[in-house]
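**Student:** just coords:
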Ligand code: ADP
């Protein structure tokens, strides 16, 4: 995995615990695989509860001194980390593509996006304003201080191995918190490489930890240890519910970014080319493995056939292959389990009467590849409408009226992102207001940016990442009542 890197030392095969690079106490490791080839690219320590506890205790020791620094001093360290991420963007992107599979251009893009959170929250650190509130009586002065939550924990997924970490770590450090990260066991090298750069940037020892290893023992310590005051989790709804329950015992604060089932609605009055481009970007980025990927494409009858034809042409032209190869637009899925799920969804839809418009292109001989697919004739009762497919499959459902589209869009327990294309200003206002989602893209398929609050409602979770609200997730309000004035 270090082949061809300018800074081979960015590849670390040790965990970062209590400010030191170390192996697991028991000496055990877990292997990391390149999903494009099935080859093992390296291994990292299989840490457990004991290493996690040490990381938490060191974080507690480091946090007070860090919180006592001025916001400007903290911002200076974050600025250096941001710049180092960009200086080593190519190396970080290669590491990511090897362990995650996404095309190199997307990996580069993700490193830029990941770095943008570090820049943004470093700047926001200086603006953690409190309040002065006119008192209810003459002798009282009321103020509100914003203070760091304390020691935080982050559990992150494999689909964005860098950005899902920085959008938790950057606001935590900016706010004056310490944070212990458990990256996905599928993509730990990206997390460790960023920790190398954080250390180089001057993040004090112990303040940031990256504990690699199996989810359960590390997760149990992070959720059970009373020193940890907050958990931020991005991942599946099922695991989010377990973690929420596990945090109840110590009443931790929580931010949960869970699964989605994003509708992508195309109305008759949409700009067809823009809608196709938006669907391609939203659906096929990261081979369809993002929680804001369009999962259900709902198209009004009057534009349906033209849309399906244009979408099929664009999908048929996608280049599939190893993300390291030039021009590749769709890499492999993360692993065989993911592949089985996508195959299962397509088989279920076809068995229930859907039509495959594109799909079944020849695949590379090895690796977890699935050919980009467009399905039409999708009807209620098919799994693709209920569950998150997390793969390069675009299922299209025909609808007649605006009312029907809104009802179908909201008919899910999830509420993360929704998209629609229309040029009618009245419809844009009505539909935007009625969609039960935390994020709505109107005539736009790419909505992620560090300046806006990303987060869901319903069983997609709660809390905001990015934007000025993202900092509040790591700050507590302290109301001070000064009497006798
Ligand atoms: P995905 O389906 O995207 O892999 P998961 O929810 O399984 O989503 O994984 C997201 C993160 O949660 C990963 O870091 C994974 O290791 C972690 N995780 C999975 N199960 C548990 C658990 N029981 N306790 C703590 N962390 C877990």
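**Tutor:** Cool, got the structure. The structure presented is a predicted model; accordingly, all values stated were derived computationally and were not measured. Numbering: from 1, shown residues only.
**Student:** Can you tell me which residues in the protein are near the ligand?
**Tutor:** Applying C-beta under 6 Å from any ligand atom, we find that the chain lies next to the ligand at 155-158, 182, 184-185, 215-216, 219, 235-236, 239, 242-243. Every C-beta, even on glycine, is put in place using the N, C-alpha and C of the backbone.
**Student:** Do a quick rundown of the helices in the stretch 1-150 of the chain.
**Tutor:** 49-68, 71-87, 89-100, 104-124 (DSSP state H, counting those that start in this stretch).
**Student:** Also the stretch 301-450 of the chain?
**Tutor:** In the stretch 301-450 of the chain, the helices defined using DSSP H, counting those that start in this stretch lie at 301-316, 336-351, 383-386, 402-410, 425-434.
**Student:** Name the stretch among these that sits most buried.
**Tutor:** helix 383-386 (a mean of 20; mean count of other C-beta atoms under 10 Å).
**Student:** In space, not sequence, find me the middle residue of the chain.
**Tutor:** By C-alpha atoms, centre = their mean, the chain has its centre lying nearest to residue 164, at 4.3 Å.
**Student:** and the residue of the stretch 201-350 of the chain found nearest the ligand, how many neighbours?
**Tutor:** The stretch 201-350 of the chain approaches the ligand most closely through residue 219 (2.3 Å), counting by C-beta to the nearest ligand atom. Neighbour count for residue 219, taken as other C-beta atoms under 10 Å: 21.
**Student:** again with residue 380
**Tutor:** Residue 380 has 10 neighbouring residues, counting by other C-beta under 10 Å.
**Student:** From residue 356, how far off is it?
**Tutor:** 19 Å (C-beta to C-beta, to the nearest Å).
**Student:** for residue 452, same thing?
**Tutor:** 36 Å.
**Student:** and the residues of the chain next to the ligand, which are buried?
**Tutor:** 155, 156, 157, 158, 182, 184, 185, 219, 235, 239, 243 (16 or more other C-beta atoms under 10 Å).
**Student:** Save these as TSV, and put in secondary structure, pLDDT and distance to residue 274 too.
**Tutor:** Formatted as TSV, these follow (DSSP: H, G, I helix; E, B strand; the rest coil; pLDDT from 0 to 100; distance: C-beta to C-beta, whole Å):
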residue	secondary structure	pLDDT	distance to residue 274
155	strand	98	37
156	coil	98	33
157	coil	98	30
158	coil	98	31
182	strand	98	40
184	coil	98	34
185	coil	98	39
219	helix	98	42
235	coil	98	32
239	helix	98	36
243	helix	98	39
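**Student:** before we move on, the earlier item: my read: the residue of the stretch 201-350 of the chain closest to the ligand touches residue 243, true?
**Tutor:** Yes. When contacts are counted by C-beta atoms under 8 Å, residue 219 is listed as touching residue 243 (6.7 Å).
**Student:** Report the secondary structure state of residue 209.
**Tutor:** strand (DSSP: H, G, I helix; E, B strand; the rest coil).
**Student:** Identify the bridge partners of it.
**Tutor:** For residue 209, the beta-bridge partners are residue 180 (DSSP bridges).
**Student:** coming back round to it: just the pLDDT at the residue nearest to the centre of the chain, thanks.
**Tutor:** Note for residue 164: predicted pLDDT of 98.
**Student:** Double-check residue 89 against residue 110; I have them as touching.
**Tutor:** No. Taking contacts as C-beta under 8 Å, residue 89 lies outside contact range of residue 110: 9.8 Å.
**Student:** These two: which is more packed in?
**Tutor:** Per other C-beta under 10 Å, whichever of residue 89 and residue 110 has more neighbours is residue 110, with 27 against 18.
**Student:** I'd say the more buried one and residue 164 touch.
**Tutor:** No. Here residue 110 does not reach residue 164: they are 9.6 Å apart, not a contact under C-beta under 8 Å.
**Student:** Identify the residues contacting residue 47.
**Tutor:** Each residue near residue 47 by C-beta atoms under 8 Å, 6 or more residues apart in numbering is listed here: 15, 17, 24, 25, 211, 212, 213, 218.
**Student:** Save those residues as TSV, and put in neighbour count and distance to residue 318 too.
**Tutor:** As requested, these are exported to TSV (neighbours: other C-beta atoms under 10 Å; distance: C-beta to C-beta, whole Å):
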residue	neighbour count	distance to residue 318
15	29	37
17	28	42
24	21	41
25	15	46
211	28	37
212	30	33
213	24	36
218	24	37
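**Student:** could those residues go into TSV alongside pLDDT?
**Tutor:** Listed next are the contacts of residue 47 as TSV, based on pLDDT from 0 to 100:
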residue	pLDDT
15	98
17	98
24	98
25	98
211	98
212	98
213	98
218	98
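**Student:** From the residues you listed, which land in strands?
**Tutor:** 15, 17 (DSSP state E).
**Student:** And for stretch 295-308, what's in contact with it?
**Tutor:** 260-268, 270, 272, 275-276, 279, 283, 311, 357, 374, 376, 378, 384-385, 388-389, 394-400, 405, 408-409.
**Student:** filter these to the buried ones?
**Tutor:** Looks like the contacts of stretch 295-308 have 260-267, 270, 275-276, 279, 283, 311, 357, 374, 376, 378, 384-385, 388-389, 394-399, 405, 408-409 buried, using 16+ other C-beta under 10 Å.
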